[in-house]
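K.L.:
fold the stuff below for me.
(one chain, ligands or ions: 1)
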Amino acid sequence: MRRGQFPLSNLPAWCVFNNITFTGVSTADIEGRGFGLIADDALSNENDEQPALLTIPKELILSAVGVEEYAKENKDFRQLLDVAGRQSLRGDILLFLLTQLVLSSPDYDGGHGAGTAWTQYFKLLPKEVPVPTVWTESELSLLTGTSLESAVSAKLNALEREFSRIRDATRDLSRWAELIETNETITLSDWIWLDALYRSRSLALPQSGESMVPCLDLVNHSSSATAYYEENSDDGVALLLRKGASVLKQEELTIDYGHEKSAAEMLFSYGFIDSTSTAKSVVLPVEPMDDDPLAKAKLYTFGSAPVLRIIDSDTGVPQWDAPFVHLLCLNDEDGLHFKVLQETDGSQSLKMFWQDADITAKAGNMETLTQGHELCQIFRLRAVSVVLETIQQQLEALIAYDEGGTSIGGERPYIRQAAVQLRVLEKDLLERALQVLEQEKVQLLEDKAVMAYLAAMNATQQDDDNDEDFA
Ligand SMILES: C[S@@+](CC[C@H](N)C(=O)[O-])C[C@H]1O[C@@H](n2cnc3c(N)ncnc32)[C@H](O)[C@@H]1O
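P.N.:
Numbering: from 1, shown residues only. I've put the predicted structure just below:
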């Protein structure tokens, strides 16, 4: 669907009309960052008595409350929400944005209700968002071997499923069905773009929760941010100068999108990597073992996506955290059992037991629960081996692409640069983690209890082999 246009020069009038105030700051086009906020004159904050730089009334906050208010006003949106929404706040906000896409398009010929302040503002939002879900095929290939390779592909599959669910759900709503199914005026790529807008522009407000806030979403990021935002239940949201901050005339004002976010998270959510950010971590998916008869039960009880998180530390020695790996390494013969129990209301539930104690609610705590067990060093060795193998495979994929991977060409330079930055960061962290784990594995293999256990296992294996030979 063709997207509407709203030049930045029209924004001040729209703000006056909608009670948004700018004090001493203006919007501007910032090289390499899209729109941003700059200071009209030098600003400094030595005390807390500074007026807000930007205020946005609460009626304009697009949050759970904002979506419900709009559903009361617009019957067409309400119907869409009733059939395809109300599963997650994110999903509802995306349906709201979808409605704004329709209402603000030059192709719109009526029938979906009247526009709102957001309909006009929506036209100002960037047509290109640099997050990987909207990258081209050749740009995506630059992520081969990074933690984002599987994360982006999983996200794209999820978006495809969401869009096809919306198409199915709206079959009986003639106006939506015409746009989505019959004329294909709204396509999967529109949905992917709306998701990218939401991901790169939403923020968590203390009272309204996950929200989008017009004009506040024009403020760019810096890890040495000069501004911050506050929500006030009566007045809405305000942008304020940080205490001790000083900004030169025409200098950009920034907020911190989250300095604890990793490079991969920044690239995934916002389409850039802040090279000054200190947070270094890699999150990799953990696969259950193919030959594990308890794999499904373990995954079900664990209840969330199994991942391995490698985190850098101040000392340069990476740490790792992977609660599922500790569960993955335990078996029936160690004392891990599953039972299907009949509840008093007649329903059935799967319960997990460790040494006969019900630990269903503690599936993420296996490392602690196995402490003190006579085989705890063996369990640790198994976990370390799984983590080592996961890291080794990831590094092999990264290195194979670096050495031989050729992209098709035509990738946008800033995307190529961001992907290279991610590759370098992740390779460095994985290599250091590998070293630490290899050392730990050597130490574990020298542990007396481990040596005795492995010797006993070898002897049993040899007996079995001999029996088989005789047979
Ligand atoms: C919340 S919006 C900020 C306003 C945005 N620049 C615009 O034109 O509407 C977030 C997006 O701004 C851009 N951005 C913000 N901070 C940046 C930075 N430090 N470096 C590069 N791009 C940045 C990224 O494209 C990001 O997805």
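
K.L.:
from now on I want contacts and neighbour counts done on CA atoms only, so please keep to that.
P.N.:
Will do.

K.L.:
any idea which residue of the stretch 51-200 of the chain lies closest to the ligand?
P.N.:
As assessed by Cα to the nearest ligand atom, the ligand sits closest to Ser200 within the stretch 51-200 of the chain, at 4.6 Å.

K.L.:
who's in contact with the residue of the stretch 301-450 of the chain found nearest the ligand?
P.N.:
Shortest the stretch 301-450 of the chain-to-the ligand distance, computed as Cα to the nearest ligand atom: residue-wise this is Tyr414, at 9.5 Å. Contacts of Tyr414 were listed using Cα atoms under 8 Å, 6 or more residues apart in numbering, and none were found.

K.L.:
list the buried residues of the biggest helix by length in the chain.
P.N.:
In the chain, with assignment by DSSP state H, the single longest helix is helix 413-445. Of all the residues in helix 413-445, those buried under the rule 16 or more other Cα atoms under 10 Å are 415-416, 418-419, 421-423, 425-427, 429-430, 432-434, 437, 440-441, 444.

K.L.:
swap in stretch 160-177?
P.N.:
160, 162-164, 166-167, 169-171, 176-177.

K.L.:
try stretch 27-44
P.N.:
Residues of stretch 27-44 classed as buried under the neighbour-count rule (16+ other Cα under 10 Å) are 27-28, 35-40, 43-44.

K.L.:
what's the farthest-apart pair in the residues you listed?
P.N.:
When Cα to Cα is used, the two most widely separated members of those are Phe35 and Ser44, lying 22.5 Å apart.

K.L.:
can you pull up the bridge partners for the nearest residue to Pro206 once chain neighbours are set aside?
P.N.:
The shortest distance from Pro206 to any residue other than its chain neighbours is 6.7 Å, reached at Glu231 (Cα to Cα, 6 or more residues apart in numbering). Taking DSSP bridges as the rule, Glu231 bridges to Val237.

K.L.:
okay, and for the stretch 301-450 of the chain, where does confidence drop off?
P.N.:
Applying pLDDT under 70 to the stretch 301-450 of the chain flags residues 405-407.

K.L.:
what's the neighbour count on Tyr229?
P.N.:
Other residues within reach of Tyr229 by the criterion other Cα atoms under 10 Å amount to 18.

K.L.:
quick one: classify it as helix, strand or coil.
P.N.:
With DSSP: H, G, I helix; E, B strand; the rest coil as the basis, the three-state label of Tyr229 is strand.

K.L.:
in which helix or strand would I find the residue nearest to it when sequence neighbours are not counted?
P.N.:
The spatial neighbour of Tyr229 that comes closest, neighbours along the chain excluded (Cα to Cα, 6+ apart), is Leu239 at 4.4 Å. Secondary-structure assignment from DSSP states H and E places Leu239 in strand 236-241.

K.L.:
give the next helix or strand downstream of that strand.
P.N.:
Counting by DSSP H and E, the element that comes right after strand 236-241 along the chain is strand 246-247.
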